[in-house]
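Q: My questions are about this predicted structure, shown below with the sequence.
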Amino acid sequence: MTKQLRDLTVVSNTALNERLILLRLTDHTPLPRCTAGQFVQVRIDGSPSTFLRRPISIHFVDETNNELWLLVQLVGDGTRRLGQLKTGDRLNVLLPLGNGFSPVQNPGERVLLVGGGVGIAPLLEYGKYLKENGATPIFLLGARTRDDLVQMEWFKQFGQLHLTTEDGTTGVQGFVTNHPVLSEPEFDRIAVCGPKPMMLAVARFAHQHNFPCEVSLENMMACGLGACLCCVEKTVRGNVCVCTEGPVFNINQLTWQI
Amino acid sequence: MANLSVNIAGLQLRNPVLTASGTFGYGLEFADLINPAELGGIIVKGTTLHPREGNDYPRMAETPSGMLNCVGLQNKGVEYFCQHIYPEIKDLDTRVLVNVSGSTIEDYAECAARINALDNIPAIELNISCPNVRQGGMAFGVTTDGAASVVSAVRKVYDKTLIVKLSPNVTSIADIALAVQDAGADAVSLINTLMGMAIDIEHRRPRLSIRTGGLSGPAIRPVAVRCVWQVAHAVQIPVIGLGGIMTAEDAIEFFMAGATAIEVGTANFIDPTASVRIAHGIDEWLDNHHCPSLHDIIGCID
């Protein structure tokens, strides 16, 4: 897949809650084909403290309108700059990067997509892809509180939705691993994206039950192209770049204690 | 179009822009985004005699106008380079140089000797200045005797253009440059990263796995310009300047300080087309200032 550097145009920038924005981007020529689970590197202009690009996973690709959607958590000065973008502004984006989640393995397969916090972002595009290609995605999404579970009306379009919140404001109270959907597992494999402790917990569950399981990592990176060797993860093949060999890894490739 | 070609001790470059080791992979990583024919050359990732896994994650911390890294020379070793990578890059339409690192004088010499046998590698950059591994060469690069001993040993087995990359983490970089010149270096490149440290105050721990790392990016540029100016006035061999070059104007500073060529490093991470953009920008700057040749400005600062 050819990597491209593009100045995309902001279609809209919507605050979904105090910490999450939905950035819809487009271009006058067709956007490159992206695989669910891939990410982009956006350049942050005019920030005194943010120097490197920010890697952001692809939330959704709207082919009909030639739009790329990013779900961004406002963490530091860099992402806050993204929060200030207005319709019509330009954003320099390097894309598409990384490997993405696995394609459909068997027609009709049931895939549990587990997301936590802003880690739900890539699962929308993956759910859409799975549904369009004859698989059945089942979402298990967790957050601290109800307001953090954004874009739910979109997720619902592609699969069954199971929710958890730490404060119990919606769905099952607790962590995703507390959800009863895991006690009678009726799925063929699992894909996870979220905070490391959550991914570890789900990886342990998958390992115990022998489910193939992919996790999407977000190691700190500089280039996104496999040149700086900063974002490495220890794997059974040694240190590899998360930006090029990942961000998606089968848990049996990692050296996690599961 | 100004005349941008430069000659580094016999190594002819079509323009003075090289990509710095460790910031451009093997060039292949950027193949979708830039045309190597628009560069003076590519200096590939630090290569050692034996494979190295590098340091643990985290290896990078962003800092004001720069970044710290402690990659630790992760590479698959010179044998793998010769067998698998060299065939992929030997016909790139630009000069391909190899950055050679080591932990002992014997390792440096053996690695350099292996690269010497590769027809399409016209030069090496000897890294005696990596701050991120215990025996990463910086131990050699911080004393005149240490630096001279590595360079002499490599000079005996390497007969093409030998560039020596210097560390700024020294009392007098000009003294080190003189020592490597006397030991047979054809050129020097400087500066490697400045040793630095950053702390995660909430967790009360260093932000890098091995605590310290090398600082790069525009934060170090004034230090680099000063070093280039000092060294260019001390030695007779060509000087290649690097350290936080983000734009053509930054590069012009280095030429005026005495550099014959420059390397673009950290900028590649923010803009993968930075090196090519800078090469074109230098040309434009010279045109706008009515300089028919880059040589009109090299070393113009006393």
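A: In hand now; what should we look at?
Q: List the contacts of whichever residue of the stretch 51-200 of chain B sits closest to chain A.
A: Chain A sits closest to B:M60 of the stretch 51-200 of chain B, with a gap of 3.7 Å, by CB to the nearest CB. In this view, the C-beta of every residue, glycine as well, is placed from N, C-alpha and C. By CB atoms under 8 Å, 6 or more residues apart in numbering or on different chains, B:M60 lies in contact with A:220-222, A:228, A:230-231, B:67-70, B:208, B:213.
Q: what do you get for B:A148?
A: By CB under 8 Å, 6+ apart, B:A148 lies in contact with B:179-180, B:182-183.
Q: Most neighbours among those residues, which one is it?
A: B:V180 (29 neighbours; other CB atoms under 10 Å in any protein chain shown).
Q: Am I right that it is in contact with B:S149?
A: No: judged on CB atoms under 8 Å, B:V180 makes no contact with B:S149 at a distance of 10.2 Å.
Q: hang on, the earlier thing: what's around the closest residue in space to the residue of the stretch 51-200 of chain B closest to chain A that isn't next to it in sequence, how many residues?
A: Nearest residue to B:M60, sequence neighbours excluded (CB to CB, 6 or more residues apart in numbering or on different chains): A:C230, at 3.7 Å. By other CB under 10 Å, the residues close to A:C230 number 26.
Q: Could you do the one 10 residues further on as well?
A: When counting by other CB under 10 Å, one arrives at 20 neighbours for A:V240.
Q: Pretty sure it sits in a strand.
A: Yes: under the criterion used here (DSSP: H, G, I helix; E, B strand; the rest coil), A:V240 sits inside a strand.
Q: wait, B:D93 sits on B:P36?
A: Yes: if you go by CB under 8 Å, B:D93 and B:P36 touch, sitting 5.5 Å apart.
Q: Between the two, which has more neighbouring residues?
A: Looking at B:D93 and B:P36 with other CB under 10 Å, you find the greater number of neighbours at B:P36, namely 21 against 10.
Q: surely that one meets B:L28?
A: No: counting by CB under 8 Å, B:P36 sits too far from B:L28 to count as a contact (9.7 Å).
Q: So which helix or strand of chain B has the lowest pLDDT on average?
A: helix B:138-141 (a mean of 82; mean pLDDT, DSSP states H and E).
Q: Against which helices or strands is that one packed?
A: Counting contacts by 3 or more CB pairs under 8 Å, 6 or more residues apart in numbering or on different chains; DSSP states H and E, helix B:138-141 is packed against helix B:144-157.
Q: residues in contact with the residue of the stretch 101-250 of chain B found nearest chain A?
A: Here the residue of the stretch 101-250 of chain B nearest chain A is B:G217; by CB to the nearest CB that distance is 6.3 Å. B:G217 is in contact with A:51, B:63, B:65-67, B:244, B:266, counting by CB under 8 Å, 6+ apart.
Q: Can you say which two of those residues are spatially most distant?
A: B:T63 and B:G244 (12.1 Å; CB to CB).
Q: Now flag whichever of the contacts of B:G217 is closest to A:F158.
A: A:F158 lies nearest to A:F51 out of the contacts of B:G217, by CB to CB, at 37.2 Å.
Q: my read: that closest one touches B:I270, true?
A: Yes: shown here, A:F51 and B:I270 form a contact pair, counting by CB under 8 Å, at 7.0 Å.
Q: Could you list the residues in contact with stretch A:221-229?
A: Residues outside stretch A:221-229 that contact it (CB under 8 Å, 6+ apart) are A:3, A:39, A:41, A:52-53, A:55, A:94, A:97, A:230-231, A:239, A:241-245, B:22-25, B:29-30, B:45, B:54, B:59-60, B:67, B:69, B:71, B:74, B:266, B:268-269, B:272.
Q: No more questions from me, cheers.
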